[in-house]
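Asks: take a look and give me a structure for this.
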Amino acid sequence: MNTLATGFPVADALKPRGAARVGIGGPVGSGKTALLENLIPRFIARGTDLAVITNDIATKEDAERVQRSGLIAPERVLAVETGACPHSAIREDPTLNLQAADLLDLRYPGLELILIESGGDNLASSFSLDLVDHWLFVIDVAGGDDIPRKRGLGVLSCDLLVINKTDLAPHVRVDLQRMVREAHDVRQGRPVLLTNCATGEGIDAVVDHIAREVLFDR
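Replies: All right, here's what the predicted structure looks like:
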């Protein structure tokens with residue numbers, strides 16, 4: 001049974017949607033939480049009023065990791081336990097995430113941005129547009145340079161494809177240039193950005209993308 005682990009009662013009637021909602025999806029181990037942890041301080045430094053929702057199947061581990069990080073007030077991080085495949089709570093029935101986001105809007109009237117991290121899923125995972133305004137899909141070079149050629153729904157349909165762990169390319173025999181070229185080809189020119197979350201390389205470009213395309217900070 002799906003369980004919302006917010007720590008607060010969910011109001012029967014919540015205020016209309018307020019803050020912009022950005023989804024972060026991708027396979028297990030691609031670096032979604034690491035990306036999230038890099039995005040948080042940069043948005044806060046820009047003065048963005050921010051909150052976070054994380055999804056896990058049967059734990060609150062990712063939420064607790066972010067809460068302990070010191071990057072954001074712990075009460076601004078809510079956990080959704082999906083109880084099933086992660087994509088079920090971000091696509092088929094996003095009710096729990098919608099409730100969590102509405103609750104954050106209610107508790108923080110000036111909220112501007114909610115980052116919603118999916119649990120790790122496969123290349124076919126995607127976000128319902130009832131839940132998010134914009135979404136990122138994170139893959140990593142250790143998964144192989146053939147990921148774009150597999151044409152997974154996440155790779156094809158996300159608003160921004162993030163190729164992470166670029167520093168590992170020579171160690172896992174990945175042709176990074178080909179991977180990027182093929183990603184641009186299958187996405188027909190839609191945005192692709194490269195990151196190394198371990199060093200912070202490329203994160204500013206992701207922040208700029210979200211600020212420009214979602215927050216309209218030009």
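
Asks: can you tell me the SS state at the spatially most central residue of the chain?
Replies: For the chain, the residue nearest the mean C-alpha position is Ile24 (1.4 Å; Cα atoms, centre = their mean). The three-state label given to Ile24 by DSSP: H, G, I helix; E, B strand; the rest coil is strand.

Asks: test my guess that it contacts Leu136.
Replies: Yes. Ile24 lies in contact with Leu136 (Cβ atoms under 8 Å); the separation is 5.1 Å. From N, CA and C alone the C-beta is placed, and that goes for glycine too.

Asks: quick check: neighbours shared by these two?
Replies: Jointly contacting Ile24 and Leu136 under the rule Cβ atoms under 8 Å, 6 or more residues apart in numbering are Leu35.

Asks: okay, Ala101: pLDDT?
Replies: Listed pLDDT for Ala101 reads 98.

Asks: which SSE is the residue nearest to it when sequence neighbours are not counted in?
Replies: Spatial nearest neighbour of Ala101, excluding adjacent residues (Cβ to Cβ, 6 or more residues apart in numbering): Ile114 at 5.3 Å. Element membership for Ile114, per DSSP states H and E: strand 113-117.

Asks: hmm, which helix or strand of the protein has the shakiest average pLDDT?
Replies: strand 3-5 (a mean of 48; mean pLDDT, DSSP states H and E).

Asks: please, where are all the helices along the chain?
Replies: Ranges of helices in the chain, per DSSP state H, are 32-45, 61-68, 95-107, 153-157, 176-186, 203-213.
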